[in-house]
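1. whatever this is, show me its structure:
(one chain, ligands or ions: 2)
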Amino acid sequence: MAKGKNTVIFFCQECGYESSKWMGQCPGCRQWNTFVEENVTVRAPGKGMSQGLTKNRPSPLSEISLEEEDRISTHMIELDRVLGGGLVAGSLTLVGGDPGIGKSTLLLQVCRNLAGDEKEVLYVSGEESLKQIKIRANRIGDFNEHLKLLCETSLEAIEENIRRTSPDVVVIDSIQTMYRESVSSAPGSVSQVREATSVLLQLAKGLNISIFIVGHVTKEGTVAGPRVLEHMVDTVLYFEGDRHASYRILRGVKNRFGSTNEIGVFEMESAGLKEVLNPSEFMLSGKPKDANGSIVVCSMEGTRPMLIEVQALVCHSNFGIPRRQTIGTDFNRVNLLIAVLEKRLGLSLGNCDAYVNIAGGIKIQEPAIDLGIAMAVVSSFKNRTIDNKLIAIGEVGLSGEVRGVSMIQARIQEAAKLGFTTCVIPYVCMESVKEVTGIKAVGVKSVKEAIQLL
Ligand code: TYD
Ligand code: MG
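-> Numbers count the residues shown, from 1 in each chain. Ligands and ions are numbered 1, 2, ... in the order given. Coordinates of the predicted model:
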């Protein structure tokens, strides 16, 4: 490729794979029809990429000190936990999520808390005017003068600004609106987004600034999703939830400074996002009493047990092929559990429609809720209610056996805390369970045994 020349390059929108010709299937991620054409100006080498980086030299492992990274508390327990104990200085964090889910609100609240700690914070918005941000800020509360706002989409100008004022924390809202003049393709295209992120990466590492990047996830082809950036940043957080429901879940997908299976739960209120410190209580509010097909299960979200209601509705099918549907859990897993119930318990579910719903709109993949799903399906099928104070934990195998799950003690304790009195657990876990006051653990070896308990 010649220097400083306009070239057409094809990019995979999923993984950022680069190619000089269009391809139907991406060799990188094996997805079909993901290539887009972009005009790219190839830069002369030696410019840009290495600017601003501190000069590094190789050092032996023994010389590297294992001091804790500098963690900055955001004063939001839920966010700190997902970040692995606070914001790390010099880290690049990507916050992804659907438009309108509350990314700007969350980050503005973070800015407010950090500014309250006398940190210099710069909030760069390429989407909204200063007035619009002011309106949002007014709903959230008072801000001090440590927070500065900037409406700008040119990366050169932003970079110049950051180098001049050297803030502690920078928020870029959003990466899709940022552009670099030296790259000829449109803002939001794969090459622009990648280029912009690499500039921010250099700033974060070179000047030890923590940078948050907001990225929209869109299903359309024209805007590059944050997927292509995931491998460039230190931490990837996804903000998800039903836009019509008030709660939001912040999930860590990648974290170079902590575990990725933690979640943070928030609730969108009229004055911004509020942390939900006891998600179990929140998820179980509104659970119907004495309705059949409803049971409470416990799923581990990182280190936190979370009680969730599983609902099943089984009714006679009026058509030849029974309809099966799941909301919030794996469709194939539910089909498998229904097949186990048919074969091992002799229930004739073959001519029944079955719907399984995880209440609250949350998504759970953990197999520990299998037993709960199976019991809810049987409860609805037989029109029998399950005791309101009962909770079921366990994975179900193909021969109908109930298999062990991890962290059983924490789950039972959470159930006891919320007033449950009976806990159906896998028999193999019985010996690792210590007595918890107020709750009785019942070990079962198979789904059949569990059903007989009802
Ligand atoms: P926003 O942060 O703009 O979403 P994003 O940046 O992810 O696109 O907020 C989206 C929604 O949140 C918006 O529809 C209004 C609502 N909202 C509240 O309910 N309460 C509030 O205090 C604020 C600031 C927003
Ligand atoms: Mg926004």
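
2. taking the stretch 151-300 of the chain, what residue is nearest to ligand 1?
-> With Cβ to the nearest ligand atom, the shortest gap between the stretch 151-300 of the chain and ligand 1 falls at Gly272, namely 4.1 Å. Just so you know, the C-beta spots here come from the backbone N, C-alpha and C atoms, and that holds for glycine as well.

3. ah, wrong one, I meant the stretch 301-450 of the chain
-> Across the stretch 301-450 of the chain, the shortest distance to ligand 1 (Cβ to the nearest ligand atom) belongs to Gly361, at 16.2 Å.

4. got the phi and psi for the residue lying closest to that residue once chain neighbours are set aside?
-> Once flanking residues are discounted, Gly361 sits nearest to Asp242: 4.2 Å by Cβ to Cβ, 6 or more residues apart in numbering. Torsion angles at Asp242 (phi, psi; degrees, to the nearest 10) stand at phi -80, psi 130.

5. who's in contact with the residue of the stretch 301-450 of the chain closest to ligand 1?
-> Neighbour list for Gly361: Gly241, Asp242, Ala245, Tyr247, Ile327, Gly328 [criterion: Cβ atoms under 8 Å, 6 or more residues apart in numbering].

6. residue numbers of the stretch 201-350 of the chain in contact with ligand 1?
-> With Cβ under 6 Å from any ligand atom as the criterion, the stretch 201-350 of the chain comes near ligand 1 at residues Met268, Ser270, Ala271, Gly272.

7. among those, name the buried ones.
-> Met268, Gly272 (16 or more other Cβ atoms under 10 Å).

8. pLDDT weak spots in the chain?
-> By pLDDT under 70, the weakly predicted segments of the chain are 1-5, 41-55, 66-69, 218-227.

9. residue nearest the centroid of it?
-> Of all residues in the chain, the one closest to the mean position by Cα atoms, centre = their mean is Arg251, 2.6 Å from it.

10. okay, and the beta partners of Ile172?
-> For Ile172, the beta-bridge partners under DSSP bridges are Val124, Ile213.

11. my error: substitute Ile72 in the last question.
-> Beta bridges link Ile72 to Leu87, judged by DSSP bridges.

12. surely it touches Gly90?
-> No: using Cβ atoms under 8 Å, Ile72 is not in contact with Gly90, being 10.7 Å away.

13. who has more neighbours out of these two?
-> Ile72 (20 against 17; other Cβ atoms under 10 Å).

14. residues in contact with that one?
-> Residues near Ile72 by Cβ under 8 Å, 6+ apart: Gly86, Leu87, Val88, Ala89, Leu114, Asp117, Lys119, Asp168, Val169, Ser210.

15. residues near Lys389, how many?
-> 14.

16. just the helices in the stretch 151-300 of the chain please.
-> Per DSSP state H, counting those that start in this stretch, the stretch 151-300 of the chain carries helices over the ranges 155-165, 190-207, 279-284.

17. now for the longest one, which elements pack on it?
-> Which is helix 190-207. Applying 3 or more Cβ pairs under 8 Å, 6 or more residues apart in numbering; DSSP states H and E, we find helix 190-207 packed against strand 6-12, strand 35-41, strand 92-97, helix 155-165, strand 169-173, strand 210-216.

18. the ones you listed: which one's closest to Cys315?
-> Among these, strand 92-97 comes nearest to Cys315, with 35.9 Å by Cβ to Cβ.

19. I'd like the next helix or strand past the closest one.
-> Per DSSP states H and E, the first helix or strand lying C-terminal to strand 92-97 is helix 103-116.

20. other SSEs contacting that following helix?
-> Using 3+ Cβ pairs under 8 Å, 6+ apart, the elements in contact with helix 103-116 are strand 92-97, strand 121-125, helix 130-140, strand 147-151, strand 169-173, strand 210-216, strand 272-275.

21. ok, the longest one near ligand 1 or not?
-> Yes: with Cβ under 6 Å from any ligand atom as the measure, helix 130-140 is seen reaching ligand 1 through Arg136, Arg139.

22. may I see the buried residues of the helix or strand containing Gly443?
-> In this structure, Gly443 sits in strand 440-444 according to DSSP H and E. Using 16+ other Cβ under 10 Å as the test for burial, strand 440-444 gives Ala441, Gly443, Val444.

23. any idea how far Val428 lies from Leu398?
-> Distance, Val428 to Leu398, using Cβ to Cβ, to the nearest Å: 17 Å.

24. returning to that earlier point: show me the beta-bridge partners of the residue of the stretch 151-300 of the chain closest to ligand 1.
-> Going by DSSP bridges, Gly272 forms beta bridges with Glu269.

25. name the strands paired with the lengthiest strand in the chain and say parallel or antiparallel.
-> Counting by DSSP state E, the longest strand found in the chain is strand 304-316. Paired neighbours of strand 304-316 in the sheet (DSSP bridges): strand 294-301 (antiparallel), strand 352-358 (antiparallel).

26. for it, C-alpha coordinates in CSV please.
-> Taking C-alpha atoms only, strand 304-316 is exported to CSV below (Å, rounded to 0.1, in the frame of the first residue of the first chain):
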residue,chain,number,x,y,z
ARG,A,304,-23.8,-12.7,44.8
PRO,A,305,-26.7,-15.0,45.2
MET,A,306,-29.9,-13.7,43.6
LEU,A,307,-33.4,-15.1,44.2
ILE,A,308,-35.5,-15.1,41.1
GLU,A,309,-39.0,-16.3,40.4
VAL,A,310,-39.5,-18.8,37.6
GLN,A,311,-42.9,-19.1,36.1
ALA,A,312,-44.3,-21.8,33.8
LEU,A,313,-47.5,-22.1,32.0
VAL,A,314,-48.5,-25.5,30.6
CYS,A,315,-51.7,-25.8,28.7
HIS,A,316,-53.3,-28.1,26.2
